[in-house]
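>>> Predicted coordinates and the sequence they were generated for:
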Protein chains: 2
Amino acid sequence: MTPALGDIGKRILIGRKLRSAQLGETLLPKKIALPVFASDALSSVAYAPDEIFLTLSVAGLAAYSFSWKIGLLVVFVMLVVVASYRQNVHAYPSGGGDYEVATVNVGPTAGLTVASALMVDYVLTVAVSISSGVQNAKSALPFLAGHETPLAVTLVLILTALNLRGVRESGALFAIPTYIFMASIIGMAIWGFIRLSAGDLPLADSAKFDIAPEAGHEIFGGLAGAFLLARAFSSGCAALTGVEAISNGVPAFRKPKSKNAATTLLLLGTIAVTMLMSILFLASKIKLRYAEDPATQLLQNGQPVGDSYTQKTVIGQIGDSVFSNFSPGFYLVIGATMLILVLAANTAFNGFPVLASILAKDGYLPKQLHTRGDRLAYSNGIILLALCAVGLIIAFNAEVTKLIQLYIVGVFVSFTLSQFGMIRHWTRHLKTETNGAKRAQMMRSRVINAIGLTMTGLVLVIVLLTKFTHGAYIAIIAMAVLFLLMKGIRRHYDTVGREMAVDADDSLMLPARVHSIVLVSKLHKPTLRALAFAKAARPYMLEAVTVDVDRDESEQLQAEWDARDIPVPLKRLASPYREITRPIVQYVRDIRRQSPRDVVMVYIPEYVVGHWWEHILHNQSALRLKGRLLFTPGVMVTSVPYQLISSQAAEERQDREERVAGQVRRGARKSSGDR
Amino acid sequence: MTPALGDIGKRILIGRKLRSAQLGETLLPKKIALPVFASDALSSVAYAPDEIFLTLSVAGLAAYSFSWKIGLLVVFVMLVVVASYRQNVHAYPSGGGDYEVATVNVGPTAGLTVASALMVDYVLTVAVSISSGVQNAKSALPFLAGHETPLAVTLVLILTALNLRGVRESGALFAIPTYIFMASIIGMAIWGFIRLSAGDLPLADSAKFDIAPEAGHEIFGGLAGAFLLARAFSSGCAALTGVEAISNGVPAFRKPKSKNAATTLLLLGTIAVTMLMSILFLASKIKLRYAEDPATQLLQNGQPVGDSYTQKTVIGQIGDSVFSNFSPGFYLVIGATMLILVLAANTAFNGFPVLASILAKDGYLPKQLHTRGDRLAYSNGIILLALCAVGLIIAFNAEVTKLIQLYIVGVFVSFTLSQFGMIRHWTRHLKTETNGAKRAQMMRSRVINAIGLTMTGLVLVIVLLTKFTHGAYIAIIAMAVLFLLMKGIRRHYDTVGREMAVDADDSLMLPARVHSIVLVSKLHKPTLRALAFAKAARPYMLEAVTVDVDRDESEQLQAEWDARDIPVPLKRLASPYREITRPIVQYVRDIRRQSPRDVVMVYIPEYVVGHWWEHILHNQSALRLKGRLLFTPGVMVTSVPYQLISSQAAEERQDREERVAGQVRRGARKSSGDR
């Protein structure tokens, strides 16, 4: 059986062992692990080539000849990163995420930097993947043009709703679209090569256009040219996002875990590289043109083509050519691309709350994000992620090109710090390791990680140089703000922790007596129950207290009280200015002043209702009063609930939800793929 | 001394007598009462004439000759309404608002209808007054054109902030701008008449324009013409809004209250009528043109004037002509107009929360809107009003002409039902009254109210016919929704009230024993305090309970527990799936099942923090657990607060705020006008 993916995610990133009995059934064979972890990394071939062409088109058609060279550079970096992360996988078979690697080996500040980068990155993964999905959908369904933003927002909201409902796709369910995507892209490439060698591959529709270079780029070359190539390379590096996912997931692999994970990583790298280069190669063969602003940049007979031309994505244009004689193929490619982009966004919906939970456990985020076994904790993370992603999509009109400027910084910050951490890891272990063979192995690993560090660090610098003013600064500001916020939260928890820590001589300081008061506004069943419960606790002193806001009402209350012969004295507090809270707080303080060694217990009758809107109609002044009383030392506040009829349905609903949530966690609930 | 206006408002609409000692100092002489209640009614002359001209311009210049006839009709209705409300004033010296009059004399459904109409109306008062204020400001400061909506929204937000801060203008402070407005408009009129009789009054700038009739109105006359005149009349009736304010305010007048109020009402009517007719007269003398869409409707030499022409308001154009030789006069008029429009909006900010409080007292709105002596209750009303008004302003681009289509329906619904109620009032009293003179007086009042009913009913029908499709339907839908919502809330409160009512044989059913459990997650000071307090209450049984979410943590807790020799047994609940809430709820239910006659008291240690953001960081799982436990019958939940250092500053802040709020209510805090 294949496990619920949310569980895998948790286990992976948390790195904690489950009971072995359970663990056995959730381990993944390589053929399932690959698609589970690959959607994010593979999906980026849907937009990385587009961004390369688009950046090059700034310098006009002349620059297009560099596309495959840039592709080769990206492939080289990809292979270095894959090789480096294979070392992570061997070193952290427990599944060391970049956050853990950086924290353990470099320090908490580095860890927190990685965490900030990753969180910003999750948001961007959603925004970029969904926006690119919409772009691709537009290639097949041109009438979508002009509605990109609402469409992308709708997709994010659907994903959010699915994740909030706790729908957890099984590995198998996840595997199918990923394999379809791989098959369709590679199938398209093979079919393209066959037609090409037969001399039968038609040119792209856009092959007839010329591209107008932008001002300052009329002559391609020199420093400006080099800078442009560097920018195109930076954009192409978007293809690397998601590669690190497997290194987090080692514990989910079948044994031998590290070896299987490393093999899968290599497999993933090979497939991604093959797909990327095939796309770049076919694109140059069909002479496609792809520009940021096609209406003005693309020229036909020297004239801009204008708004009437709808530009298809690179995959869309290649599909058009390759399947010019077989349109179902085109639709399959586009459909699979859309699907994998949505899946890639979904991985962020799984990863973000898990990372937030780890950070919460370490005191960097509010504790309730960590509360495991509680759907609410994850819901907060999901909603936060969705809000940020929707904000980005709206702010950038769902334009992949603009969003991608923000994207890659975070990934490479995390790559670089992780590689730096790995070098330290090996150095530390080398100090204690004496076995010669193992030492040689470690030295080799350290060299690989050092190359990885150099490479990713270099790319990070290039990305910062070429993209900073184009939007990367926004991502950096967001990371800095997150970093400071998390530091502040941690400082607060530390302060509070010190304040509450028990000293050696602290012991139970028993108050002398309990003085109980029951707050009464009317004589109804909730009041009677509160009086009965309070009396059952046999306090040293018990009185009912009401505030004389309305003279007529209090006298009526007093009359009923006497008529029913209630065995608790009723005390009426004067309130000439019709306040409620103040006289009660004052009265409680007076009791405390008279007998400082006593403790006051205030009973508040509360209605328990079944619907959220009923809460608005009840208990508000009780809540406010309670909030106010808790500030006074030596006071306890007891809520005595009175369950209204409508509360029963609500309790059953909650019970049911908890049971279902429990089943999901226990893995008892089979996914549809297993039935 | 003059009283804080918020207090007057409350007293007025609530109609409840304060202590006589206090009441003495707050009674208003006529010369202060007039401006206090007049700003809403008088301010409408700033937009009513504009709407008349604008509606007439649909039929082109030919229709303009009807402007003063329509003015006379409006004046006639105004006088009838004033005469009618003088009867209300005599019949309800306690200050019977339209809601009370309709509820008492016609029934709760009529009362609720009036209430819905009034609430919608308050929102529109804010939106229309502020939008008109911005229009007028534009006459003096043309560069504001194009920024009307943000400007209007900003003004609403400033008013909201002032009202939330509890700034209460004194009557005197209120009186000054109202008198300046009256003086400046009447001064402008007199100066205009003088210049007119001297033959020295220049024509308006817009006099040179022709107006293109809209399609279908090329020939003025017939049914379409009559309908247009009716529409212009409906718009002109905006001048009547706010007349009813005095009838609510009788208790605030010096003795003889009713007589003084009636005199003030007459005075108000006379001034409003004079101002309205002066403006209409001068407007026709200077031949001003005023069109809804000046760019296309106004023609110069047969050509539309286009966007470059900025149209000034009617008061702005008259001011321009009358003060053509004395520009400070123009700026004074515009400034005073702006100011009184903002004051008119402010009256809604005072009236809306008071009405909401009365409705809440009657069970039609959430109870917490009624909690007197609590600034929060009024804050909710103020924020609700502001949100609705801002929504309207944005939806209608701060265009007075569009907003006014929604405005007058509510006023006339309330007028009509109130007059109908008054007729019933007299009829009922006539049944028991035997004194001949008084009977004659009552018969006369009833005739006046009958005329009032006929007139206001007729206007209501005309308004509905001419404005329904232009936007009045939106107001009617809003009223209907409010009506149903309030009925639903009342039904809910009634159901709950019946459910909780004590039966004759209900008595204190004492539970046998109290079984106490203290929830523990860590051993820190809050835990120790909770244990001590729980022990001090000497329950039948006491144990500490922790949930075994993390084995290491629980064992550490157990070790500390044993080391400190804490005299309360620690019970560890198993939670194989890391839930927190479920095992505890289950445990409590088990105790209840074993001894159903016992009651369980659950102690939860809580941190008391000083800032709202600290709440996000603490107590969330305690809150959730508490919410869950309250659903179980026979359970009490006790919060044992532990005051963190940061809570002290917060308590002092709250104390201070309460003291200030109390002083305001007590009238002890002098308004700046009195110092």
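All right, it came through fine. Since this is a predicted model, take the numbers as computed values, not measurements.
>>> Give me the below-cutoff pLDDT ranges for chain A.
A:1-26, A:95-96, A:165-173, A:371-377, A:619, A:657-675 (pLDDT under 70).
>>> Map the structural domains onto the sequence of it.
As given by automatic domain parsing, the domain ranges for chain A are A:5-15+A:30-492, A:514-643.
>>> Output those domains as CSV; include the columns mean neighbour count.
Where you see a C-beta, it was placed from the backbone N, CA and C, and this is true even at glycine. Output for the domains of chain A, formatted as CSV (neighbours: other CB atoms under 10 Å in any protein chain shown):
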stretch, mean neighbour count
domain A:5-15+A:30-492, 20
domain A:514-643, 19
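>>> and those domains as JSON lines, adding distance to chain B?
Shown next, in JSON lines, are those (distance: least, CB to the nearest CB, whole Å):
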{"stretch": "domain A:5-15+A:30-492", "distance to chain B": "4"}
{"stretch": "domain A:514-643", "distance to chain B": "4"}
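>>> so what's the backbone phi/psi at the closest residue to A:F415 other than its chain neighbours?
If the residues on either side of it in the chain are set aside, A:F415 comes closest to A:T456, at 4.0 Å by CB to CB, 6 or more residues apart in numbering or on different chains. A:T456 has phi and psi values of phi -70, psi -30 when expressed as degrees, to the nearest 10.
>>> Identify the residues contacting A:G329.
A:S184, A:G187, A:M188, A:W191, A:G319, A:V322, A:F323 (CB atoms under 8 Å, 6 or more residues apart in numbering or on different chains).
>>> immediately after the one helix or strand the first one maps to, which helix or strand?
This points to A:S184. Counting by DSSP states H and E, the element that carries A:S184 is helix A:171-197. Next along the chain after helix A:171-197, taking DSSP H and E as the criterion, comes strand A:210-211.
>>> what's the helix or strand following that next one packed up against?
The helix or strand immediately downstream of strand A:210-211 is helix A:222-236, counting by DSSP H and E. Under the contact criterion of 3 or more CB pairs under 8 Å, 6 or more residues apart in numbering or on different chains; DSSP states H and E, helix A:222-236 touches helix A:48-56, helix A:67-91, helix A:400-432, helix A:436-467.
>>> Now do the shortest one: which elements does it pack against?
Put plainly, it is helix A:48-56. Partner elements for helix A:48-56 (3+ CB pairs under 8 Å, 6+ apart): helix A:67-91, helix A:222-236, helix A:257-285, helix A:314-322, helix A:400-432.
>>> Could you export those helices as TSV, including distance to A:F631?
Shown next, in TSV, are these (distance: least, CB to CB, whole Å):
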stretch	distance to A:F631
helix A:67-91	50
helix A:222-236	55
helix A:257-285	53
helix A:314-322	62
helix A:400-432	43
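>>> Out of these, flag the one nearest A:G452.
Closest of the helices and strands packed on helix A:48-56 to A:G452 is helix A:67-91, at 2.9 Å (criterion: CB to CB).
>>> Could you check the angle that closest one makes with helix A:257-285?
170 degrees (axes from the mean of the first three to the mean of the last three CA atoms, to 10 degrees).
>>> Dump the C-alpha coordinates for the next helix or strand after helix A:67-91 into PDB.
Note on helix A:67-91: by DSSP H and E, the next helix or strand toward the C-terminus is helix A:98-105. Presented in PDB, the C-alpha positions along helix A:98-105 are these (Å, rounded to 0.1, in the frame of the first residue of the first chain):
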ATOM      1  CA  ASP A  98      18.600  22.300   4.400                       C
ATOM      2  CA  TYR A  99      17.300  24.000   7.600                       C
ATOM      3  CA  GLU A 100      18.600  21.200   9.700                       C
ATOM      4  CA  VAL A 101      21.900  20.900   7.900                       C
ATOM      5  CA  ALA A 102      22.600  24.700   8.200                       C
ATOM      6  CA  THR A 103      21.400  24.800  11.800                       C
ATOM      7  CA  VAL A 104      23.500  21.900  13.000                       C
ATOM      8  CA  ASN A 105      26.700  22.600  11.100                       C
END
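>>> Need the domains of chain A in CSV (columns: distance to B:M277).
Formatted as CSV, the domains of chain A follow (distance: least, CB to CB, whole Å):
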stretch, distance to B:M277
domain A:5-15+A:30-492, 52
domain A:514-643, 46
